[in-house]
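Colleague: need a structure here:
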Amino acid sequence: MSRLIIPGWQGSGAGHWQRRWLDVDADARIVEQDDWHSPKLEAWLSRLDAAIRRTRQPILVAHSLGAVLVAAYAKRYPRNNIAGALLVAPADVDSLAPDHPLADFGDVPLSRLPFPSILALSRNDPYISVERGRLFAARWGSELVDLGHAGHVNPESGHGHWPAGFRLASQLGRQPIRAAA
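Modeller: Have a look, this model is predicted:
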């Protein structure tokens, strides 16, 4: 089962657990975007759709704005071949000012996702409150995993290598992550 790594704003740079995941998971591919710093929902949806169409029953591994992208994709394409999604530290873009670079992703879809999902939520994430994260999980039909005080689950919060992410993704596919040779 292949995993599609879906970074958020600024592309989960070097040292981020998503980029490091690619080094150890032979079945993972990243969904690259043309512009990581000025994201446009339509362009990002198009890239994600192309990657999903090329991949048989992928597990999506999304972080921050990438998790919101997955929700938008599921709303637009409810009939898809996605096996499941790990949604880590989703960004609450609804709370942003209209002139913020991520405002195009506003009105977070709160429809039930048509595939199994796990939402991993930190209690001290600066980009989403616990209450909003719980709402996202409930409305998306996601299993909620409380990460404790894990910040935004990125290198700045000590999550360069994040083994717990592998375990969570493996729960969705019921297959362990296959290490690269």
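
Colleague: Which pLDDT value does the model give the residue positioned nearest the centre of the chain?
Modeller: The centre of the chain sits closest to Ala62, judged by CA atoms, centre = their mean, with a distance of 1.5 Å. On the pLDDT scale, Ala62 is placed at 98.

Colleague: same deal with the one 4 residues further on?
Modeller: Gly66 carries a pLDDT value of 98.

Colleague: That one: what secondary structure?
Modeller: Look at Gly66: counting by DSSP: H, G, I helix; E, B strand; the rest coil, its state is helix.

Colleague: What residue, apart from its backbone neighbours, is nearest it spatially?
Modeller: In space, Gly66 comes closest to Ile6 once its chain neighbours are excluded; the distance is 3.7 Å by CB to CB, 6 or more residues apart in numbering. Yep, even glycine has a C-beta here, placed from its N, CA and C like the rest.

Colleague: Need phi/psi at the one you found.
Modeller: phi -120, psi 100 (degrees, to the nearest 10).

Colleague: mind pulling up the phi and psi values for the residue nearest to the centre of the chain?
Modeller: According to degrees, to the nearest 10, Ala62 has phi -110, psi 140.

Colleague: can you tell me which residues contact it?
Modeller: The contact partners of Ala62, by CB atoms under 8 Å, 6 or more residues apart in numbering, come to 6, 8, 69-70, 85-88, 90.

Colleague: One more pass at 10 Å, please.
Modeller: Listed by CB atoms under 10 Å, 6 or more residues apart in numbering, the contact set of Ala62 reads 4-8, 18, 31, 48, 68-71, 73, 85-90, 117, 119.

Colleague: How many neighbouring residues does the closest residue to it other than its chain neighbours have?
Modeller: Using CB to CB, 6+ apart and skipping residues adjacent in sequence, the residue nearest Ala62 is Ile6, 4.0 Å away. Neighbour count of Ile6, defined by other CB atoms under 10 Å: 30.

Colleague: Show me where the chain dips below the pLDDT cut-off.
Modeller: 1, 173-181 (pLDDT under 70).
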